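> Sharing a model prediction with you, sequence too.
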Amino acid sequence: MPNHPPKESDKNITTISIIVPAYNEEEVILALYERIKSVTKELPYNFRLVFINDGSKDHTAEIITQLSENDPQVELINLSRNFGKEIAMSAGLDHATGEAVIIIDADLQDPPELIPELLEMWRAGNDVVYAKRISRDGESLLKKITAYLFYRTIKKIGHVEIPADTGDFRLLSRPAIDALKSLREHHRFMKGLFAWIGYKQTAIPYHRDRRFAGSTKWNYWKLWNFALEGITSFTTAPLKIATYFGLTVAALSFIYGIWMIVHTLIHGNPVPGYPSLMVVILFLGGVQLIALGVIGEYLGRMFDETKQRPLYLISEHINPPSPHHKE
Ligand code: UDP
Ligand code: MG
């Protein structure tokens, strides 16, 4: 098993990269740093703490820069603007040099104390070890319900099985990281991509904490768009639904048309039916607009992908890994 965990003899030099996407997290960075440090100092690996500052408008970058001055293990990648968490994570994966990578949120909702367990499962031969929430504190009932529905829907209509109740908190082995790095699509639904690559995956249960400080960067509009992204990047089912719906309506109209002809032949045509005519016209107009909208969602994504822009731009890289690290 070449890609897998080190022997006793060389484990001291195995590098593990911890990736932290951070957007306006000045209130939590220090607490996070302390908690990660107190966990990792007990472990026989060489850790690198890679912060991806996703265009924060507060002092996140300054705080991390200060940390990096005193701690050579702290690496900071400043993106040129806010690109969103999915892309920030990808930037981290692109630049991580470790034999394994752990992705963790900055807000301490993912407890760093789980890191030893993640590493243990990796050493047991798994490529992807994801943390599965058994509880969610501090989140509204509506968010829990919508999250539940989303995971069940995507499992039903998507082609990949995305494990329910998992966030991005996970460990990835080098082969899994390289696989993910080869997926360069712009519309990155990371939870789906993590599942898409396959490899040996396993879950460990954990208790998801409240945010340590600051506020969530999500609102329902963003979540809705996130769900749309998830569905459109992994399934063309909505396009098919439009087709079948169209076929059904056409078939029913055909039957209705025949009935009308027969009816007119037998009873003549006294010209009633304005209300039903309006209903049919408006209904079909609505259906057509919806179908056009669905096509538009896919077309727009194709447009974005064909531009082939880089996923992100980096404005500054502090404490990059030294050249003897293997890339
Ligand atoms: N984040 C990011 N870019 C963004 C939004 C969020 O890098 O545009 C980071 C954020 O700093 C945090 C993680 O993504 O480390 C999760 O964000 P948040 O806590 O707001 O999401 P939630 O936990 O509510 O899903
Ligand atoms: Mg959070």
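Sure, I can see it. Ligands and ions are numbered 1, 2, ... in the order given.
> can you give me the strands for the protein?
15-22, 46-53, 74-79, 100-103, 128-136, 166-173, 201-208, 314-318 (DSSP state E).
> now the angle from the second one to strand 314-318?
Read that as strand 46-53. 150 degrees (axes from the mean of the first three to the mean of the last three CA atoms, to 10 degrees).
> ok, residue 132 - how many residues close by?
17 (other CB atoms under 10 Å). Just so you know, the C-beta spots here come from the backbone N, C-alpha and C atoms, and that holds for glycine as well.
> Also the one 10 residues further on?
Close neighbours of residue 142, defined as other CB under 10 Å, add up to 9.
> Quick one: residues contacting it.
If you count contacts by CB atoms under 8 Å, 6 or more residues apart in numbering, residue 142 has none.
> could you redo the last one with a cut-off of 10 Å?
residue 220 (CB atoms under 10 Å, 6 or more residues apart in numbering).
> Contact residues of the chain facing ligand 1?
Within the chain, the positions near ligand 1 by CB under 6 Å from any ligand atom are 21-23, 25, 54, 82, 84-85, 88, 105-107, 109, 216-218.
> where does the protein come near ligand 2, residue by residue?
For the chain, the residues in contact with ligand 2 (CB under 5 Å from the ion) are 107, 109.
> Tell me which stretches of the chain form helices.
29-40, 60-70, 85-95, 115-123, 141-157, 174-181, 190-196, 220-234, 237-267, 274-306 (DSSP state H).
> Present those helices as JSON lines; the columns should include mean pLDDT.
What follows is the helices of the chain, written out as JSON lines (pLDDT from 0 to 100):
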{"stretch": "helix 29-40", "mean pLDDT": "92"}
{"stretch": "helix 60-70", "mean pLDDT": "92"}
{"stretch": "helix 85-95", "mean pLDDT": "93"}
{"stretch": "helix 115-123", "mean pLDDT": "92"}
{"stretch": "helix 141-157", "mean pLDDT": "79"}
{"stretch": "helix 174-181", "mean pLDDT": "93"}
{"stretch": "helix 190-196", "mean pLDDT": "85"}
{"stretch": "helix 220-234", "mean pLDDT": "81"}
{"stretch": "helix 237-267", "mean pLDDT": "82"}
{"stretch": "helix 274-306", "mean pLDDT": "82"}
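> These: which one's closest to residue 315?
Among the helices of the chain, the nearest to residue 315 by CB to CB is helix 60-70 (9.6 Å).
> got the angle for that closest one vs strand 46-53?
160 degrees.
> So what angle separates the directions of helix 60-70 and strand 15-22?
If you take the same axes, to 10 degrees, helix 60-70 sits at 150 degrees to strand 15-22.
> what packs against helix 60-70?
With contacts taken as 3 or more CB pairs under 10 Å, 6 or more residues apart in numbering; DSSP states H and E, helix 60-70 sits against strand 15-22, helix 29-40, strand 46-53, strand 74-79, strand 314-318.
> who does the fourth one pair up with?
It refers to strand 74-79. Note on strand 74-79: by DSSP bridges, its sheet partners are strand 46-53 (parallel), strand 314-318 (antiparallel).
> Need the winner for burial among these.
Across the strands paired with strand 74-79, averaging neighbours per residue (mean count of other CB atoms under 10 Å) puts strand 46-53 on top, at a mean of 25.
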